[in-house]
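[1] Build me a model:
(one chain, ligands or ions: 1)
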Amino acid sequence: MGRKPQRIVEAAIIERIGPVTAQELMAMSDDSWGLIRDQITDRRNGKDGLVARCLACECEVYIRTSKPRGIARPLFQHYNGSDPDCRWFQGRNIKPDAARAAQYHGKQESNFHRLMCELVGELAALDPRYIKHTVAQYRPPTENEHGRYPDTYVEWDGFGPFVVEFQMSGTFQTEISARCKHYEREGIPLLWVLFGLDTAAALPQSFIDVIRRHRGNAFMLDQAAVAASREQKTLVLSCYLRGPDGELKVPELVRFDALTIPRSKLPYHEDRIVGPRLAEIEQARRPWFSALAKWEDRFKPLGDLERPQSLLLAAAFSIIAAANGKERNYASGHSNISAMLNTYLSTKVLSPYSDLLKQIIENTRGSGIIKASVHDHLRRYRDAVQATRESRECVNGGAKVGHSAA
Ligand SMILES: [Zn+2]
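    This next block holds a predicted model:
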């Protein structure tokens, strides 16, 4: 006789431990879940112990065991008398109507959401710098049109305020963007914490977006993070770092106060995006820099380039080097690169490349180093026909590299 598949409690929130999914419970060692099971039962019997609640209906649950093939596996189960409308209630098999199921799905997410926001506040309060926190409370803006209702807002003495927002499955990209920009303007660090991250499955796009904004870091407040927070008496998160193919690595526990807070105010543990990208550009440039350093006779071509292209490349790399704080003139004997550029422009050697040079200067923070007279020369000696990024000399390296500069 075939048995109907039984509904199970997919997640519970356990006092002092945090949210635990059915999957996580199953993955615990027998002693770990056994100990929790004992403490839940103890509490139910009026002694010291733990309360565990179903994330869908908030009714108390316990850990029961099932024995497929004789091996005990743990499962959450509602106590008798729980809400029979809970979508995870294993009572008699009543076919739930679709509207009700949807309603409870929404309720489950909002219950969970509120419990997680409160948990963040509770953990942040363990830190001796703690001043106060609010959950879903309106904060007026300092200079913007709208205020916001941050999930959890915390103030720590000597650290300042910060905000934690939970990324739920249905959070829209526009909402994510609006919140990011709001807190950036307000100068308040914003940490997005993901819920329901399944590292084995393909990530939903909304998660991918948030992970990218945090420079390839995915933050979660899972059991390990909650336990570490209590132990270290500060907010600790589990951080998954994005690998080169977008896959997430084994998480590390990171203290919130040890994260790097960039100008965007979106903290990260390890930069997996901007840093590697810059390193890549650096790699691509290195052979050109070393070839240029050895290029002594500037009337001979550089590699297989023509002389004008060689000079364009040398000029472009001189601008990049100067922008990086290591001024060096690869293109001529002039003591500064402005004089070099002015000479090659007025003699029309670099005139087909005026537009490219201008772009390279703008894209490399080079504008601070280049004298005003160079901008005059770029205009005055500009050829009507201009080389573009698609021109051969650009594809060969020089202007293309200049374009990639941060
Ligand atoms: Zn329930």
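[2] CA only for contacts and neighbour counts going forward, please
    Noted.
[3] Spell out, range by range, the strands that occur in the stretch 51-200 of the chain.
    Listed in chain order, the strands of the stretch 51-200 of the chain (DSSP state E, counting those that start in this stretch) span residues 52-54, 61-66, 73-78, 130-135, 152-156, 160-167, 190-194.
[4] And the fourth one, what does it pack against?
    Contacts of strand 130-135 with other secondary structure elements, assessed using 3 or more CA pairs under 8 Å, 6 or more residues apart in numbering; DSSP states H and E, are made with helix 98-124, strand 152-156.
[5] wait, what's in contact with Leu55?
    Under the criterion of CA atoms under 8 Å, 6 or more residues apart in numbering, the contact partners of Leu55 comprise 11-13, 108, 111-112.
[6] Lowest-confidence entry in those residues?
    Model confidence across the contacts of Leu55 bottoms out at Gln108, which has 57.
[7] Closest residue of the stretch 151-300 of the chain to the ion?
    Using CA to the ion, the point where the stretch 151-300 of the chain gets nearest to the ion is Gly196, with a distance of 17.6 Å.
[8] neighbours around that residue, how many?
    For Gly196, the tally of surrounding residues (other CA atoms under 10 Å) stands at 12.
[9] can you check Arg242 too?
    Arg242: 22 surrounding residues under other CA under 10 Å.
[10] for the strands of the stretch 51-200 of the chain, which one ends up most surrounded?
    Ranked by mean neighbour count under mean count of other CA atoms under 10 Å, the strands of the stretch 51-200 of the chain are led by strand 52-54, which reaches a mean of 26.
[11] Quickly note the distance from Arg286 to Leu203.
    Noted for Arg286: a distance of 36 Å to Leu203, by CA to CA, to the nearest Å.
[12] between those two, who's got more neighbours?
    Counting neighbours by other CA under 10 Å for Arg286 and for Leu203 shows that Leu203 has the greater number, 15 against 11.
[13] With adjacent residues omitted, what lies nearest to that one?
    Sequence neighbours aside, Leu197 is the residue nearest to Leu203 in space, at 7.6 Å (criterion: CA to CA, 6 or more residues apart in numbering).
[14] same deal with Asp42?
    Gly49 (5.4 Å).
[15] any idea how far that neighbour lies from Ile17?
    Between Gly49 and Ile17 the computed distance is 12 Å (CA to CA).
[16] Ok, Ser338 next?
    If you measure Ser338 against Ile17 using CA to CA, the figure is 63 Å.
[17] again with Leu237
    13 Å.
[18] Identify the contacts common to the two.
    Between them, Leu237 and Ile17 share the neighbouring residues Val226, with contact defined by CA under 8 Å, 6+ apart.
[19] quick one: which of these two has more around it?
    For the pair Leu237 and Ile17, the greater number of neighbours falls to Leu237 (25 against 18), based on other CA under 10 Å.
[20] that's a helix at the more buried one, yeah?
    No. With DSSP: H, G, I helix; E, B strand; the rest coil as the criterion, Leu237 is strand rather than part of a helix.
[21] Touching, it and Asn217? I think so.
    No. Counting by CA atoms under 8 Å, Leu237 sits too far from Asn217 to count as a contact (11.1 Å).
[22] about what we covered before: please work out how many residues are found near the residue nearest to Leu203.
    Residue crowding around Leu197 was assessed by other CA under 10 Å; the count is 18.
[23] SS state for Asp245?
    For Asp245, the assignment made with three-state DSSP gives coil.
[24] Show me what residue of the stretch 51-200 of the chain gets nearest to the ion.
    Going by CA to the ion, the ion is nearest to Cys57 of the stretch 51-200 of the chain, at 4.0 Å.
[25] Tell me which helix or strand Lys358 sits in.
    In this structure, Lys358 is located in helix 354-363 according to DSSP states H and E.
[26] Let me see the contact set for the closest residue to Ser332 other than its chain neighbours.
    Computed as CA to CA, 6+ apart, the closest residue to Ser332 that is not its neighbour in sequence is Met340, at 6.2 Å. Listed by CA under 8 Å, 6+ apart, the contact set of Met340 reads 329, 331-334.
[27] Let me have these in a markdown table, extended by pLDDT, distance to the ion and neighbour count.
    Supplementary listing: the contacts of Met340 in a markdown table, determined by pLDDT from 0 to 100; distance: CA to the ion, whole Å; neighbours: other CA atoms under 10 Å:
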| residue | pLDDT | distance to the ion | neighbour count |
| --- | --- | --- | --- |
| Asn329 | 92 | 71 | 25 |
| Ala331 | 92 | 73 | 23 |
| Ser332 | 91 | 77 | 20 |
| Gly333 | 89 | 79 | 11 |
| His334 | 91 | 78 | 14 |
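[28] Can you pick out the most distant pair from the residues you listed?
    Based on CA to CA, the longest span within the contacts of Met340 runs between Ala331 and His334 and measures 8.5 Å.
[29] Please verify my assumption that Ala72 contacts Thr65.
    Yes. With contact taken as CA under 8 Å, Ala72 and Thr65 are classed as touching, separated by 5.7 Å.
[30] ok so, going back, the residue nearest to Asp42: neighbouring residues, count only.
    Neighbours of Gly49 using other CA under 10 Å come to 17.
[31] Can you pull the phi/psi pair for it?
    When quoted as degrees, to the nearest 10, the phi and psi of Gly49 stand at phi 170, psi -160.
[32] coming back round to it: who wins for neighbours among the contacts of Leu55?
    Neighbour tally across the contacts of Leu55 (other CA under 10 Å): the maximum, 27 neighbours, falls on Ala12.
[33] on that earlier part again, what separates the residue nearest to Asp42 from the ion, distance-wise?
    Between Gly49 and the ion the distance, using CA to the ion, to the nearest Å, works out to 20 Å.
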